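Student: Generate coordinates for the sequence data below:
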Amino acid sequence: MKALVYAGPNKVEVRDVPEPKAREGAVKVKMHYCGLCGSDIGIYSGKHPRAQAPLILGHELVGVVDEAPAGSKFVKGDRVTAYPLISCGECYPCKNGTPHVCQTLHLLGIDTDGAMADHCWVDEGVLVKVPDGVSDKLAALAEPLAVVVRTLHQANFKTLDRCVVMGAGPIGILTAILLKHSGAAQIIISDIDEGRLALCREFGFDAVNVRETNLVDHVNKVTDNVGVDIVFECSGVESAALEVTKLTRVGGMICMTGVHKAPHAINLMDLNFKEQTMVGSRVYTLREFADTVPLLEKLAEDLEKVVSQVVPLSESAKIFDMVADPDLRTIKVLVDCQA
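Tutor: Just a heads-up that it's a prediction; the model follows:
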């Protein structure tokens, strides 16, 4: 079968690889689309601490059941997506109801071969059926949108909250879209990419280019120096870490959605004096993932604008160059696994 394989730092190849053998409890899925994630970019650059070449990339998947074991609840032709987290089942989080933050958490496409291939074997217990009203392209967004569902839960978001989203990458834009449909009173989103900010303005967000406008000054101006109820930090950049407390009101919430790869300075005195709450958000529970799939249909009109490019699997070795090219203005790139 054909697959996009990480072959070493800054090197990927479309290869003919042996098809994995069937294993007990697994379902063979004919892949339709697989999304490119920020973690895939980290793997490509050689910076991911666990990913080892050769590795088939991809964990944001949608396809149809091709083969299912006897007695399975799935039949050939069922459209499915998959919860890609792999927990050990033995550590403290796993034994106390939070296996999504397993101490040795693994993921499809990072610790084991993934889904950027024409076929993939997936354990039946992590498959979720895709409703008829959700297109294949939208179903490929289930995994990143589940990240966002989790971050709103972690932040204790409430209707009419005023929010800042720092970073207009795929997760930041999806966060703002879900806030919009969940009844946020005000959504301010920041970035340095004017193309992404233009799309955010189409959605009705207050989009701030931080190369041109000081975000703290802007938030103070539009909130009468109060600050917002919640800041969702989705950028992962050092300057954002130092600003989060300044953007948040007294008693407000800071949700760290973006993963900071190195220790960064943060104003802990603000956290004390303003009695703010800071919470982390990593991935999502199985229930949150399953609940996200039907949600895709309700957000379809906005989500369709997030898919910026679709690339055939046969040409997928170029997707990392595409993402690095600012003129292409990529947001979410999908691989068409049957082309």
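
Student: hey, let's count contacts and neighbours off CA atoms from now on
Tutor: Noted.

Student: can you pull out the helices in the stretch 51-200 of the chain?
Tutor: With DSSP state H, counting those that start in this stretch as the definition, the stretch 51-200 of the chain shows helices at residue ranges 92-95, 136-139, 142-154, 170-181, 194-202.

Student: Name the spans of the stretch 1-150 of the chain whose pLDDT lies under the cut-off.
Tutor: Counting by pLDDT under 70, the stretch 1-150 of the chain contains no low-confidence residues.

Student: what bridges to Ala82?
Tutor: In this entry, Ala82 is beta-bridged to Leu127, by DSSP bridges.

Student: Kindly report the same for Trp121.
Tutor: Lys28.

Student: neighbours around it, how many?
Tutor: By other Cα atoms under 10 Å, 24 other residues sit near Trp121.

Student: was I right about it contacting Lys28?
Tutor: Yes: using Cα atoms under 8 Å, Trp121 is in contact with Lys28, at 4.5 Å.

Student: Return every residue with contacts to both of these two.
Tutor: Shared contacts of Trp121 and Lys28 (Cα atoms under 8 Å, 6 or more residues apart in numbering): Ala22.

Student: mind listing what the residue sitting nearest the centre point of the chain touches?
Tutor: By Cα atoms, centre = their mean, the chain has its centre lying nearest to Pro144, at 2.8 Å. Residues in contact with Pro144 (Cα under 8 Å, 6+ apart) are Glu60, Pro170, Ile171, Leu174.

Student: quick one: it from Gly236, how far?
Tutor: Separation of Pro144 from Gly236 (Cα to Cα, to the nearest Å) stands at 16 Å.

Student: Repeat that for Asp229.
Tutor: Distance from Asp229 to Gly236, counting by Cα to Cα: 20 Å.

Student: If you count surrounding residues, which of the two has more?
Tutor: Asp229 (23 against 18).

Student: Isn't that one up against Thr245?
Tutor: No: counting by Cα under 8 Å, Asp229 stays clear of Thr245, with 11.1 Å between them.

Student: so Asp236 touches Val259, yeah?
Tutor: Asp isn't right for residue 236; it's Gly. Yes: using Cα under 8 Å, Gly236 is in contact with Val259, at 5.4 Å.

Student: what's around Pro294, how many residues?
Tutor: Neighbours of Pro294 under the rule other Cα under 10 Å: 18.

Student: what about it, helix or strand, and which?
Tutor: For Pro294, the element it lies in under DSSP states H and E is helix 286-298.

Student: tell me which residues of that helix are tucked away?
Tutor: Leu286, Glu288, Phe289, Ala290, Thr292, Val293, Pro294, Leu295, Leu296, Glu297 (16 or more other Cα atoms under 10 Å).

Student: Make CSV from those residues and add pLDDT to it.
Tutor: Output for the buried residues of helix 286-298, formatted as CSV (pLDDT from 0 to 100):
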residue, pLDDT
Leu286, 97
Glu288, 98
Phe289, 98
Ala290, 97
Thr292, 98
Val293, 98
Pro294, 97
Leu295, 97
Leu296, 98
Glu297, 97
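
Student: ok, now which ones touch Glu13?
Tutor: Applying Cα under 8 Å, 6+ apart, the residues contacting Glu13 are Leu4, Val5, Tyr6, Ala7, Ala317.

Student: Strands - which of those land there?
Tutor: Under the assignment DSSP state E, the contacts of Glu13 contribute Leu4, Val5, Tyr6, Ala7 to strands.

Student: Which member of those is positioned nearest Met253?
Tutor: Checking the ones in strands among the contacts of Glu13 against Met253 with Cα to Cα, the nearest one is Tyr6 at 38.6 Å.

Student: leaving aside the residues next to it on the chain, what's closest to the closest one?
Tutor: In this structure, Tyr6 finds its nearest non-sequential neighbour in Val12, 4.5 Å apart by Cα to Cα, 6 or more residues apart in numbering.

Student: My reading is that the one you found lies in a helix. Confirm?
Tutor: No: counting by DSSP: H, G, I helix; E, B strand; the rest coil, Val12 is not found in a helix; it is strand.

Student: Report how many residues lie close to it.
Tutor: Here the number of neighbours of Val12 (other Cα under 10 Å) works out to 22.

Student: gap between Leu299 and Ile177?
Tutor: Relative to Ile177, and taking Cα to Cα, Leu299 is found at 8 Å.

Student: Counting neighbours, go ahead and name the busier of those two.
Tutor: Ile177 (23 against 17).

Student: what's the spacing between the residue lying closest to Lys180 once chain neighbours are set aside and Val65?
Tutor: Spatial nearest neighbour of Lys180, chain neighbours left out: Ile187 (7.4 Å); criterion: Cα to Cα, 6+ apart. When distance is defined by Cα to Cα, Ile187 is 39 Å away from Val65.

Student: Neighbour count for those two, which is higher?
Tutor: Taking other Cα under 10 Å, Ile187 and Val65 do not tie; Val65 has more neighbours (25 against 22).

Student: was I right about that one contacting Asp78?
Tutor: Yes: Val65 lies in contact with Asp78 (Cα under 8 Å); the separation is 5.3 Å.

Student: that older thread, of the contacts of Pro144, just the buried ones, PyMOL syntax please.
Tutor: A single PyMOL command selects the buried members of the contacts of Pro144 (16+ other Cα under 10 Å):
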select buried, resi 60+170+171+174
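
Student: how about the strands of the stretch 151-300 of the chain, start to end?
Tutor: 162-166, 186-191, 206-209, 228-233, 248-256, 277-280 (DSSP state E, counting those that start in this stretch).
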